[in-house]
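Participant: sequence plus predicted model, see below.
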Amino acid sequence: MYFVIEISMSCSGVTPATSFAVVAGYHNGVRLRANVPRLGVRKRLVMTGGTSGIGRRVVERLLIEQPQWTIVILARPSPRADELQASSHPKRLTLIDTDLASLSSTDRACDEVLRRLDLQGIDALALNAGVQIVSDNASSVDGIELSFAVNFLAHFLIVERLKWHMRTAGRIVTTSSEVHDPDAFCLMGIGRARWQDPIALADPVRSQDHIASIVDRGEARYCASKLLNIMHARHLAHELPTIGVVAFNPSVVPGTKIARDRNWLQRLGWRHVMPPFAPILPGARSLEHSSSDLLWLLTEADVQSMSGNYVDGREVQSGSKESRDWVKIARAMEVGRTLISKRLHANEFAPTQD
Ligand SMILES: NC(=O)c1ccc[n+]([C@@H]2O[C@H](COP(=O)([O-])OP(=O)(O)OC[C@H]3O[C@@H](n4cnc5c(N)ncnc54)[C@H](OP(=O)(O)O)[C@@H]3O)[C@@H](O)[C@H]2O)c1
């Protein structure tokens, strides 16, 4: 009788994954055993927002717990990025220099991802990077309102460049938030957005300009970008029926760096006071909890069966009424495409300064 057992071997996530099928059995009463390299099990995650907070924890866990995965992170240079790279084997983790606040930087990073892809393609794409700017009318390198540019437009471009390289049954998970919905409870009392045409949302002055307070306006811009994330996921689910695309709500997760643009007292509370209480605060989740949910969506969940949905933790929810408005969704996608082609085109032909 012959039998096959599959095992994975790796050393604490710091060496390249080696996976073997152990084939064993008996022949003429002699036990035979062979380790056969198991082909085709390698998986690849491409992600943004892997250097800090929720995404960082996902990366750390994936490196340790699932040796068949290799990770490519699109990240800007920082001590966090250096530390992450130094702590893992270069064959398991690649960081590609990317400023999501620049379309040309993001575009170049996608070229680099494609250059490094072999025939295997991408199993999971995590669009997790995010900023919440509450101190001024900040704009990207391309002159686009910063939360719109980083949270939505850069991710839109990444998907446009990489979507045909997704493996069949692959998955795209974009990190959104409950604050996309004006009626949803949010522990932090974040001010919500009013719908504007996405051309106005992309404008650093006109975006949410009915709001006088710069803090409230910044919060509303953030909420609008998180609505666009869900609209993007719904659109992609229709466009790409062979893969699964969802928008993920991590809930309120204190302790991350998302509050970096707040005043010192708020940063202190967010970083150091709130985290121990997260498991018991209504509407909050611990970093461990939310990163487990995101890891599950990226590696285990049947995302195809949820495709096009807004997923709160691990539970499919309807999302706001606006997030299901197909006229607004189509308009948001049209504006995304137009802005990218105009800005990238403009940059390509802009005179260079020596
Ligand atoms: N924490 C929450 O309560 C909460 C709630 C709902 C939704 N979310 C969403 O969850 C996601 C992760 O947030 P988090 O709380 O983990 O925040 P975080 O700790 O601030 O992480 C944000 C990530 O985005 C990256 N990023 C920001 N701007 C970038 C740029 N221009 N170029 C490249 N990378 C950039 C950061 O890179 P650097 O390390 O270089 O800064 C970092 O890796 C975000 O999409 C956020 O909107 C968070």
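Facilitator: Looks like it came in fine.
Participant: quick one: the longest helix along the chain to chain centroid distance?
Facilitator: Across the chain, the helix with the greatest residue count (assigned by DSSP state H) is helix 214-239. Distance, stretch centre to chain centre, for helix 214-239: 13 Å (C-alpha atoms, centre = their mean, to the nearest Å).
Participant: next, the buried residues of that helix.
Facilitator: 217-237 (16 or more other C-beta atoms under 10 Å). C-betas here are computed from N, CA, C, even on glycine.
Participant: can you check stretch 101-121 too?
Facilitator: 101, 102, 103, 104, 105, 106, 107, 109, 110, 113.
Participant: now, among those, which is nearest to residue 210?
Facilitator: residue 101 (25.0 Å; C-beta to C-beta).
Participant: how about the contacts made by that closest one?
Facilitator: Contact analysis of residue 101 by C-beta atoms under 8 Å, 6 or more residues apart in numbering lists 140, 141, 146, 149, 150, 154.
Participant: could you check how far it is from the ligand?
Facilitator: The spacing between residue 101 and the ligand, counted by C-beta to the nearest ligand atom, to the nearest Å, is 4 Å.
Participant: for that residue, which non-adjacent residue is closest in space?
Facilitator: residue 140 (4.2 Å; C-beta to C-beta, 6 or more residues apart in numbering).
Participant: okay, domains of this structure per the record?
Facilitator: Domains of the chain are assigned by automatic domain parsing as 2-37, 43-349.
Participant: these into TSV, with extra columns for mean pLDDT?
Facilitator: Converted to TSV, the domains of the chain look like this (pLDDT from 0 to 100):
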stretch	mean pLDDT
domain 2-37	43
domain 43-349	95
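Participant: tell me the most buried of those domains?
Facilitator: Most buried of these, by mean neighbour count (mean count of other C-beta atoms under 10 Å): domain 43-349, with a mean of 19.
Participant: chain center to that domain: distance?
Facilitator: Averaging C-alpha positions (C-alpha atoms, centre = their mean) puts domain 43-349 4 Å from its chain's average.
Participant: CA-only coordinates of the helix or strand hosting residue 268 in CSV, if you can.
Facilitator: If you go by DSSP states H and E, residue 268 is part of helix 264-268. Provided in CSV are the C-alpha atoms of helix 264-268 (Å, rounded to 0.1, in the frame of the first residue of the first chain):
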residue,chain,number,x,y,z
TRP,A,264,0.2,65.0,20.5
LEU,A,265,-2.5,64.2,23.1
GLN,A,266,-4.7,62.3,20.6
ARG,A,267,-1.6,60.5,19.3
LEU,A,268,-0.7,59.5,22.8
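Participant: so is the next helix or strand after that helix next to the ligand?
Facilitator: Per DSSP H and E, the first helix or strand lying C-terminal to helix 264-268 is helix 287-299. No. For helix 287-299, no contact with the ligand is found by C-beta under 6 Å from any ligand atom; the gap never falls below 7.6 Å.
Participant: list the helices and strands helix 287-299 packs on?
Facilitator: Counting contacts by 3 or more C-beta pairs under 8 Å, 6 or more residues apart in numbering; DSSP states H and E, helix 287-299 packs against helix 53-65, strand 122-127, strand 166-175, strand 244-249.
Participant: relative to helix 287-299, how tilted is the last one?
Facilitator: Here strand 244-249 points in a direction 170 degrees away from that of helix 287-299 (axes from the mean of the first three to the mean of the last three C-alpha atoms, to 10 degrees).
Participant: do strand 244-249 and the ligand meet?
Facilitator: No. Judged by C-beta under 6 Å from any ligand atom, strand 244-249 stays clear of the ligand, getting no closer than 6.6 Å.
Participant: which part of the stretch 101-250 of the chain gets nearest to the ligand, residue-wise?
Facilitator: Residue of the stretch 101-250 of the chain nearest the ligand, by C-beta to the nearest ligand atom: residue 130 (2.4 Å).
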